[in-house]
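**Q** The sequence isn't on hand, but the structure is:
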Ligand SMILES: [Mn+2]
Ligand SMILES: [Mn+2]
């Protein structure tokens, strides 16, 4: 493995080959939780982490022609009392291979002594491109509109060029990135095994979640996203854990680790609380698994990810036809988005420093130039629409959900009255939500399933859950 | 126990007896972690929680003359897909006893149709006092200056009056608040017992932390602050957990739960990794415990908290004289701040919805009117300087630390050359940091130690650690 400094130097050189203007990237600060001194754990900006390698608080780097200048204050004497001795700026600069290092204040505009109202932009900030940090207000707007809202003064031309350059680098992972994600995956798989094994001994969703996150914490990792551990698998982003576990329930568990330097894993398994799938649960589980396996089998460099999505949709539709839930030809069902009644999201997304990698840039990373989100019900939530390339890491995560808001919608029931056998569907009431999610690395010739050590077969899953019985 | 609605109505009536202008309080939003859709867990503003009772996201309440108006959007159809069915605005309004409820947008200023540039302040916002939410930029400034920085346009007169009124209410807890804090305390004590019991079976600080936070998560609680679990007890706010545990180490553990509605516990214990204090560790532990016990024994309504602090300091100084570490009379040593070489922080703080309750208001809650922080080394970090009152909950947390930044400072070594026996101190090198922290409720006539079920005696602590041996 290359040293951290060598990895970062290589990344800077790649960047310098793509753009010829200076770049400034900030790491960010900890947001307050309920009062200024009580803060959330620090998470550095992913773009900063990619080039600086370490989660340095209140720091910035300037990149130019392959050189890196670090801006970071030495720890203050008061900090030594409250936070202990920390490495100095120079020690950190050496570790990450920075070519020069200055106090953070060096970045600040300086006042003109003849006229204090005139601020002089620091030489480091002049002409520099950057990528904006999340803003709480704009985030709230984005949340309300369900899309990324940018500040009105961008797109600044160099900022967009920078963002495109970074996308092209971060999309194809170098060996350090792959090793880091593999470390996150290993902790994640251990957490999932523990989660399965405690299921018959704890009484609530919270008990399973706590046992799994304990594994990540023991590895000094955190979660890459808020864990989903729920018997209401049909609630896609469920962040409540209060339900009791009952023998007939399926538990949908989407938990992934993040390493100390920010690299993510993203894994979902669905298992029966009792250790035994019911016949209906097993039947649908096998349909989802067939879609999952077919999707991965079809992946290779050059293949369009959108086609992988549609392939999985057709397998899902075919399986549901076999179960008598859907009626018709799989191709035609997918064309009319009938699969999306039960699988309303995309087959997956990029994975890297962010669990949805580079989603802070909107669809700049996810969608090839000139492509846009479809407004089709069955395609609009697809987060990635590009040809696959070697060294990409993507998730493959088909699912089956019975979402009341979709299935009880009178307009949809009318639209799909001929293709859904609603009476037959009622027999599958104990299948609320199933998802099977693996992390897949594209190689030169095919794929490597990073998460393959964690079984996906129903029987193997049952054995793991049952092995936890005291 | 009164219902939530009754508790909240009572709080509004108390407020209405103190101020005669309308009040608007916002709950806040989730800050982004690394991209807008990947957010930290939501934490509502404590002032909002006090009057609204529930952690409602993107919500506000208006309070006037004992009435409460709730502003909250009904869940959107898209939210049902991603987040499941949630209670409606009207259901929540009924649960918390709101007198009226409107969509969030009702609060927004409206445009004058004749001239869209003229914004009309909504009737709800007019003349209303409020309390500002944390701002990431101002928080960074506060952090750098190590004090609370306010926006320059305040103090607005009504906002200050409101803040004083809220301080007077939140300082003396009602029965619902006390019961909520007791629930946080119970989970916290369970976590500490588990932490002690796993210490001999895990290998790192992270393993102890993970086992303890697992307990809180299983109760569907979170941590009220970032846990401190460290063999470097002299680092007061240590948030790293990577050190291996070694037989001779003391482990300082400051972990507290927060309930789902925001109420905090704050408990510290220090235990030997091996299950057995060394003679030097036990000697200093007993000095800290004597200071802790003396402080609590002296507490009663009307007693000055500052005097409790100074009493603990004198006990600490006396104990260190007995051990031969300090030389002189305890009173004189405390007057020259010699104790603060080893105990540089205050004896404790208010506890409530915030672990340092109402610290978002600077020292408005902590310091009685007309009082200010001392610039004495041994008093400047005291967070509370008021006479104790019934229904206050405060922490009592004396400690002993060998902080290199303090003890190796040439100026301090010179200043205290006659009162510290530096050679004798070297014999206590295995005592890096000890703290013992309990949560104490002031009653009409004395105190109730909320955390008394968790032992503080060295022998009992040793037994708990040893009971974890397989
Ligand atoms: Mn995923
Ligand atoms: Mn405390």
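**A** Arrived safely, thanks for sending. In this text, all values refer to a predicted model and were calculated from it rather than measured experimentally. Ligands and ions are numbered 1, 2, ... in the order given.
**Q** Which residues of chain A lie near ligand 1?
**A** Neighbours of ligand 1 within chain A, by C-beta under 5 Å from the ion: A:266, A:395. C-betas here are computed from N, CA, C, even on glycine.
**Q** List the residues that contact the residue of chain A found nearest ligand 2.
**A** When scored by C-beta to the ion, chain A has residue A:38 as its residue closest to ligand 2, at 11.2 Å. When contacts are counted by C-beta atoms under 8 Å, 6 or more residues apart in numbering or on different chains, residue A:38 is found next to A:32, B:225, B:354, B:355, B:356, B:359.
**Q** any idea which of those has the most stuff around it?
**A** residue B:354 (29 neighbours; other C-beta atoms under 10 Å in any protein chain shown).
**Q** Give me the three-state assignment for that one.
**A** coil (DSSP: H, G, I helix; E, B strand; the rest coil).
**Q** how about it, what does it touch?
**A** A:34, A:35, A:38, B:46, B:264, B:360 are the contacts of residue B:354 under C-beta under 8 Å, 6+ apart.
**Q** Of those, which one scores lowest on pLDDT?
**A** Lowest pLDDT of the contacts of residue B:354: residue A:35, 86.
**Q** and that one, how many neighbours?
**A** 23.
**Q** Same check on residue A:375?
**A** Per other C-beta under 10 Å, the neighbour tally for residue A:375 reads 7.
**Q** State the distance from it to ligand 1.
**A** Distance, residue A:375 to ligand 1, using C-beta to the ion, to the nearest Å: 22 Å.
**Q** what's the pLDDT at that residue?
**A** Looking at residue A:375, its pLDDT reads 87.
**Q** is it fair to say it lies in a strand?
**A** No - secondary structure of residue A:375 (three-state DSSP): coil, not part of a strand.
**Q** just to revisit the earlier point, between the contacts of residue B:354, which is closest to residue A:444?
**A** Nearest to residue A:444 among these: residue A:38, at 48.8 Å, using C-beta to C-beta.
**Q** Pop out the phi and psi values for that closest one.
**A** Dihedral pair for residue A:38: phi -110, psi 90, per degrees, to the nearest 10.
**Q** Just list whatever residues bridge to it.
**A** residue A:35 (DSSP bridges).
**Q** How many neighbouring residues does the residue in the stretch 151-300 of chain A positioned nearest to ligand 1 have?
**A** As assessed by C-beta to the ion, ligand 1 sits closest to residue A:266 within the stretch 151-300 of chain A, at 4.2 Å. By other C-beta under 10 Å, 30 other residues sit near residue A:266.
**Q** And the one 4 residues further on, by the same measure?
**A** The criterion is other C-beta under 10 Å. On that basis, residue A:270 has 28 neighbouring residues.
**Q** Verify the assumption that it is located in a strand.
**A** Yes - counting by three-state DSSP, residue A:270 is located in a strand.
**Q** Test my guess that it contacts residue A:254.
**A** No - Residue A:270 lies out of contact with residue A:254 (C-beta atoms under 8 Å); the separation is 9.2 Å.
**Q** residues shared between the contacts of the two?
**A** By the contact definition C-beta under 8 Å, 6+ apart, residue A:270 and residue A:254 are jointly contacted by residue A:435.
**Q** quick one on the thing from earlier: pull the most distant pair out of the contacts of residue B:354.
**A** Every pair of the contacts of residue B:354 checked by C-beta to C-beta; the farthest is B:264 and B:360, at 13.6 Å.
**Q** I'm done for today, thanks for sticking with me.
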